[in-house]
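Colleague: I'll drop the sequence and a predicted model, then ask my questions.
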Amino acid sequence: MLDFTGQVVLITGAGSPKGIGRTIAHTFGRQGAQVVLCDINQAGLDANVKEMEGLGYKAYGIAGNLCEKESVDALVAEVTAKFGRIDVLVNNAGVSQKVTVADMKLDDIKRIFNVNMFGLFLITQAVCEVMKKQGYGRIVSLSSVSGKRGGGVFGGAHYSASKAAVLGFSKNLAREVARDGITVNCVCPGLINTEIWKSMPDEQAAEVIAGIPMGRPGETQEVADAIVFLASKEASYITGEEIDINGGSHMD
Ligand SMILES: NC(=O)c1ccc[n+]([C@@H]2O[C@H](COP(=O)([O-])OP(=O)(O)OC[C@H]3O[C@@H](n4cnc5c(N)ncnc54)[C@H](O)[C@@H]3O)[C@@H](O)[C@H]2O)c1
């Protein structure tokens, strides 16, 4: 088991009741981290923090909107004032929309990019300043298989484009901050057993499964475990990398 005792881990989009962020938060909590959960959804955030506290994990929630610079700056200031440092940032918050390019509106693209790329940029920029002063940091961002091969199931072309943007952004940043003791990596999940999978009609689900060599969706824990490894001290020489977590549905 990896040990995060004494480390402060900030996770965005961790207020979803059955989302990947919740499992990431539990996994870091189990491994001794002080976990800071952030989400725009106050009620979901409160419920997830309470659940973690009930399990004996160190959890703290901050509601905020990643798309607003003031909100992001306030959030990062609160974390550093309360806990003194930020060792790990997990950029998990994301939004999607299933729509064809033919039906897409410019506002749809702006809404998706606003969270998945611009919000990710705002919080990453702010947290990087803290990490540079510490001389240590781990940043792990959620891209998607859709960002590599196009989606179709989870979202539209704007979603795929935003997740491809996350990969390019992360690789560039990885080069910029490599000598500051900061690593920057991504994970690219395929279809994961979250709301999107549970709400899929049987016929579509069967079609999706047919394209996955392992014949099943991934579990949130399988995504969290890869993230926790990339965020560990043990992953010290890995940067600018992306890990596919997709049951073989896409292989580079
Ligand atoms: N579920 C999948 O199959 C899958 C596959 C590949 C990639 N991903 C990616 O993994 C991440 C988590 O996916 P999920 O299915 O758990 O999503 P989810 O919808 O369950 O959770 C996303 C969370 O982000 C929060 N959020 C949205 N906009 C925000 C904002 N402006 N500020 C702060 N928080 C905001 C939401 O409130 C929500 O709690 C996303 O980035 C998603 O694109 C998911």
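Modeller: The structure has been received and is ready for your questions.
Colleague: contact partners for Glu241?
Modeller: Going by C-beta atoms under 8 Å, 6 or more residues apart in numbering, Glu241 touches Asn185, Cys186, Leu230. Where C-beta positions appear, they are placed from N, C-alpha and C, glycine not excepted.
Colleague: which non-adjacent residue is nearest Ser232?
Modeller: Distances taken as C-beta to C-beta, 6 or more residues apart in numbering place Leu2 nearest to Ser232, at 4.4 Å, with adjacent residues excluded.
Colleague: count of residues packed around the one you found?
Modeller: Leu2 has 16 neighbours, counted by other C-beta atoms under 10 Å.
Colleague: residues in contact with it?
Modeller: Neighbour list for Leu2: Gln31, Val228, Phe229, Ser232, Glu234 [criterion: C-beta under 8 Å, 6+ apart].
Colleague: what about it, distance to Ala231?
Modeller: Remark: distance between Leu2 and Ala231 (C-beta to C-beta, to the nearest Å) = 8 Å.
Colleague: again, but for Val140
Modeller: Taking C-beta to C-beta, one finds Val140 at 5 Å from Ala231.
Colleague: element containing the residue of the chain found nearest the ligand, please.
Modeller: Per C-beta to the nearest ligand atom, Gly94 is where the chain lies closest to the ligand, at 2.3 Å. When elements are assigned from DSSP states H and E, Gly94 belongs to no helix and no strand.
Colleague: what's stretch 104-111 in contact with?
Modeller: Residues contacting stretch 104-111 (C-beta under 8 Å, 6+ apart): Val95, Gln97, Val99, Gly156, Ala157, His158, Ala161.
Colleague: try it again with 6 Å
Modeller: Outside of stretch 104-111, the residues within contact range by C-beta atoms under 6 Å, 6 or more residues apart in numbering are His158.
Colleague: repeat for stretch 20-39
Modeller: Residues contacting stretch 20-39 (C-beta under 6 Å, 6+ apart): 2-5, 7-15, 45, 48-49, 52, 57-62, 64, 75, 79, 83, 90, 92, 220-221, 223-224, 227-228.
Colleague: so for it, what's the average pLDDT?
Modeller: Throughout stretch 20-39, pLDDT has a mean value of 98.
Colleague: start to end distance for that stretch?
Modeller: Start-to-end span of stretch 20-39 (C-alpha to C-alpha, to the nearest Å) is 13 Å.
Colleague: check stretch 10-18 too.
Modeller: End residues of stretch 10-18 are separated by 18 Å (C-alpha to C-alpha).
Colleague: so how far is that stretch off the chain centroid?
Modeller: Distance, stretch centre to chain centre, for stretch 10-18: 9 Å (C-alpha atoms, centre = their mean, to the nearest Å).
Colleague: buried set for it?
Modeller: For stretch 10-18, the neighbour count (16 or more other C-beta atoms under 10 Å) marks Leu10, Ile11, Thr12, Gly13, Ala14, Gly15, Ser16 as buried.
Colleague: tell me how many other residues surround Met53.
Modeller: To be clear, residue 53 is Glu; Met isn't right here. Glu53 has 14 nearby residues by other C-beta under 10 Å.
Colleague: ditto for Gly215
Modeller: Using other C-beta under 10 Å: Gly215 sits among 10 other residues.
Colleague: again with the one 5 residues further on
Modeller: Neighbours of Thr220 under the rule other C-beta under 10 Å: 21.
Colleague: same check, this time on the one 4 residues further on
Modeller: When counting by other C-beta under 10 Å, one arrives at 24 neighbours for Ala224.
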